[in-house]
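S.K.: What follows is a predicted protein model with its sequence.
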Amino acid sequence: MTNLKQQQLAEDFFQSVKAKFPEVELINITSSPEDPRDLWINVTVPTDEEREFELMDLASEKSADILSEYGYSILVIPGRN
């Protein structure tokens, strides 16, 4: 179950990803099947493998910042739509 702050953080997170990777599209935002308190931001995969690595680097840093600042685990999960 997500709260308003988690939803806001997830949406802001996606917007920061979208700003750097305009080719990436949001699939959905879901609770993790492993822990419903954690959120997954499911996005399309960049077509270029190097861009995918860059996306994951950015997402890892942002996830760590959110966890440190707010205590919420929010991850970007690239996948095929």
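M.R.: Sure thing, it's come through.
S.K.: Is residue 29 located within a helix, as I assumed?
M.R.: No. Assigned with DSSP: H, G, I helix; E, B strand; the rest coil, residue 29 falls outside any helix and is strand.
S.K.: Backbone dihedrals for the residue sitting furthest away from the middle of the chain, please?
M.R.: Relative to the centre of the chain, the most outlying C-alpha is that of residue 48, 18.4 Å out, by CA atoms, centre = their mean. With angles defined as degrees, to the nearest 10, residue 48 shows backbone torsions of phi -90, psi 130.
S.K.: Over to the one 5 residues further on?
M.R.: Residue 53 has phi and psi values of phi -60, psi -40 when expressed as degrees, to the nearest 10.
S.K.: What does the pLDDT read for it?
M.R.: Residue 53 carries a pLDDT value of 95.
S.K.: Who are the contact partners of the residue farthest from the centre of the chain?
M.R.: Not one residue lies near residue 48 by CB atoms under 8 Å, 6 or more residues apart in numbering. (Glycine included, C-beta is placed from N, CA and C.)
S.K.: got the contact list for stretch 63-74?
M.R.: 5-6, 9-10, 13, 32, 35, 37-41, 75-76.
S.K.: any idea of the mean pLDDT for that stretch?
M.R.: pLDDT averaged over stretch 63-74 gives 97.
S.K.: what stretches of the chain score poorly on pLDDT?
M.R.: 1, 80-81 (pLDDT under 70).
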